[in-house]
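Chemist: Can you look at this prediction? I've put the sequence above it.
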Amino acid sequence: MDELSVLSSRLERELKQRIDELNAEISRYPGPIARCDAQLGGLLEERARLVRLAEALEAFQATPEIFREPA
């Protein structure tokens, strides 16, 4: 396995772990005031950003190596 694959797999694991942590934290928020809570909004934004990053990483991993942009 080349270095890029190793780093990509590591990033994928770390993203999934952080998304899972955010999901757990968000699920513990009380319902009636949750939408008014600024901290919850920040958590939701962070989760959305990480999900987009995970999707981009998945698309990158699916791209054949010969078509990848050089660094």
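Modeler: Nice, I can see it. Numbers count the residues shown, from 1 in each chain.
Chemist: Now do stretch 58-71, average pLDDT.
Modeler: Mean pLDDT, stretch 58-71: 75.
Chemist: Give the next helix or strand downstream of the least confident helix or strand in the chain by mean pLDDT.
Modeler: Ranking every helix and strand in the chain by mean pLDDT, DSSP states H and E puts helix 31-34 at the bottom, with a mean of 63. Using DSSP states H and E, the helix or strand that follows helix 31-34 towards the C-terminus is helix 38-62.
Chemist: How much space separates the residue nearest the centre of the chain from residue 44?
Modeler: Centrality entry for the chain: nearest residue to the mean C-alpha point is residue 50, 2.8 Å, by CA atoms, centre = their mean. Separation of residue 50 from residue 44 (CB to CB, to the nearest Å): 11 Å. For glycine as for every other residue, the C-beta is placed from the backbone atoms N, C-alpha and C.
Chemist: what's the answer for residue 37, then?
Modeler: From residue 37 to residue 44 the distance is 10 Å (CB to CB).
Chemist: between these two, who's got more neighbours?
Modeler: Remark: of residue 37 and residue 44, residue 44 carries more neighbours, 16 against 13, as counted by other CB atoms under 10 Å.
Chemist: Help me confirm that that one comes into contact with residue 27.
Modeler: No: Residue 44 sits out of contact with residue 27 when judged by CB atoms under 8 Å, with a separation of 11.9 Å.
Chemist: Any idea how many residues pack against the residue lying closest to residue 11 once chain neighbours are set aside?
Modeler: Residue nearest to residue 11 in three dimensions, not counting chain neighbours: residue 57, with 6.1 Å by CB to CB, 6 or more residues apart in numbering. For residue 57, the count of nearby residues is 15 (other CB under 10 Å).
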